[in-house]
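# With the input below, show me the fold.
(one chain, ligands or ions: 4)
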Amino acid sequence: MNTYKIAVIEGDGIGKEVVPAAIEVLDTVAKLDGSFQFEWTYFPWGCDYYLEHGEMMPEDGIETLKQYDQIFLGAVGMPNIVPDHISLWGLLIKIRRGLKQSINVRPAKLLAGLESPLKNPQNFDITVVRENSEGEYSDSGGRIHNGADEIAIQNAIFTRKGTERAMRYAFELAKNSNKHVTSATKSNGLTYSMPFWDEVFEEVKKDYPDIDTAVNHIDALAAFFVMKPQAFDIIVASNLFGDILTDLGGAIMGSIGIAPAANLNIEREYPSMFEPVHGSAPDIAGLGIANPIGQIWTGKMMLDFLGHHEAGARILNAIEKTLASGIKTGDLGGTATLAEVKNSIIGNL
Ligand SMILES: NC(=O)C1=CN([C@@H]2O[C@H](COP(=O)(O)OP(=O)(O)OC[C@H]3O[C@@H](n4cnc5c(N)ncnc54)[C@H](O)[C@@H]3O)[C@@H](O)[C@H]2O)C=CC1
Ligand SMILES: CC(=O)C(=O)O
Ligand SMILES: [K+]
Ligand SMILES: [Mn+2]
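Residues are numbered from 1 along each chain as shown. Ligands and ions are numbered 1, 2, ... in the order given. Predicted coordinates for the structure are as follows:
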């Protein structure tokens, strides 16, 4: 019997609701499978912790996390109490970088039983490979002067290593699944980073002569997500472009509340972190009405990463069955509670 030691960080807002629900689902599927089990260790890190301790996680938090196989996280952020850049850089982004989770994989596909807000959604099935360690998410810059003279500078960092790594990951995914790769650029507006991005893409694609490629500016790409999402397979995008595009990916599925994600340490040197696309949703936190599917599907991605593809497929099937039977939370136009959706998924397992 394999025992996986998982560090659990529920975080803030609806993270505290959707994570326990997903853990119940994962424990159920483990029992049914019989070949593995989870050992969950909870860390109370987040904005409440910050109010008490003045930091989002302890100083040795990254070292602590290294002792676990994987990390299962909900969401971080309570913007009315802690400024978002402090909470995210103090926990979420600190872990992504500290544990070299350089790739963020975010699928978006039409699920059975779900109505897309698109009028005519074809059977789209997209995987966004988001560069997760650098790019526009940067703490390089500064603010000087006050009032009318005030200046803010935010640098974007693009290294050859990081750029190439994300692109190669996308091409490898495409190679193994007979798909094509689209690069998200904006080299008409950004004069250094995105021309560099385009050059690296041209170089990397030479190593994959059998894989079809396309290059789209991110603005047009966003429009195509609405008009013809079926045109895409694998998309490789910078940190910020991938961030924005994957909320849109959630939206065209039906809700960002169902969109899953995986922050991968592809070298498997440190734990990876599995957390859904959505944030802490302060507007609905504590009401028991959040959609747990994003977190549950994220659990499926963790199972896939651990090599339990059959157990993972079971979860997605159970999710689709629940949706097809009309049990949906408010974000999907339904009236079910979080608990009702979770219990239905467990029943379908
Ligand atoms: N990875 C993370 O931990 C992320 C954290 N955040 C943080 O979350 C906080 C709120 O950010 P927002 O921009 O409002 O984004 P958000 O994703 O938390 O919420 C956007 C909208 O989607 C809805 N929503 C999100 N997840 C849902 C779910 N599972 N079920 C039903 N409805 C859901 C919310 O109710 C809200 O109306 C901020 O502090 C932000 O920094 C935002 C995005 C990612
Ligand atoms: C912070 C955020 O929105 C994300 O990483 O998806
Ligand atoms: K999240
Ligand atoms: Mn985001």
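
# roughly how far apart are K342 and P229?
From K342 across to P229, the span is 28 Å (C-beta to C-beta, to the nearest Å). For every residue, glycine as well, the C-beta is placed using N, CA and C.

# Sorry, slip of the keys, the one I care about is D207.
The spacing between D207 and P229, counted by C-beta to C-beta, is 28 Å.

# again, but for L338
28 Å.

# again with D243
Applying C-beta to C-beta to D243 and P229 gives a distance of 18 Å.

# Please identify which of these two sits among more neighbours.
P229 (23 against 19; other C-beta atoms under 10 Å).

# Next, give phi and psi for the residue lying closest to G294 once chain neighbours are set aside.
Counting by C-beta to C-beta, 6 or more residues apart in numbering, G294 lies nearest to P276, which is 3.5 Å off, once chain neighbours are set aside. Main-chain dihedrals, P276, degrees, to the nearest 10: phi -70, psi 170.

# Select the longest strand from the chain.
Scanning the chain for the strand with the most residues, using DSSP state E, yields strand 2-11.

# For the following helix or strand past it, buried residues please.
Downstream of strand 2-11, the next assigned helix or strand under DSSP states H and E is helix 15-33. Neighbour-count burial for helix 15-33, counted by 16 or more other C-beta atoms under 10 Å, picks out 15-26, 28-30.

# wait, which of those residues is closest to ligand 1?
Using C-beta to the nearest ligand atom, V18 comes nearest to ligand 1 of those, at 5.9 Å.

# how close does that closest one sit to S177?
Taking C-beta to C-beta, one finds V18 at 29 Å from S177.

# One more: S272?
In terms of C-beta to C-beta, S272 sits 20 Å off from S177.

# who's more crowded, those two?
Ranked by neighbour count (other C-beta under 10 Å), S272 and S177 place S272 first, with 23 against 11.

# give the contact list for that one.
Residues in contact with S272 (C-beta atoms under 8 Å, 6 or more residues apart in numbering) are Q70, I71, L99, Q101, A262, N263, L264, N265, M302, F305.

# What is the most widely separated pair among those?
Greatest spatial distance among these (C-beta to C-beta): L99 and M302, at 14.6 Å.

# Which of these two has more residues huddled nearby?
Between L99 and M302, counted using other C-beta under 10 Å, M302 has the larger neighbour count: 25 against 19.

# got the residues of the stretch 151-300 of the chain near ligand 3?
Applying C-beta under 5 Å from the ion, one finds that the stretch 151-300 of the chain approaches ligand 3 through E275, P276.
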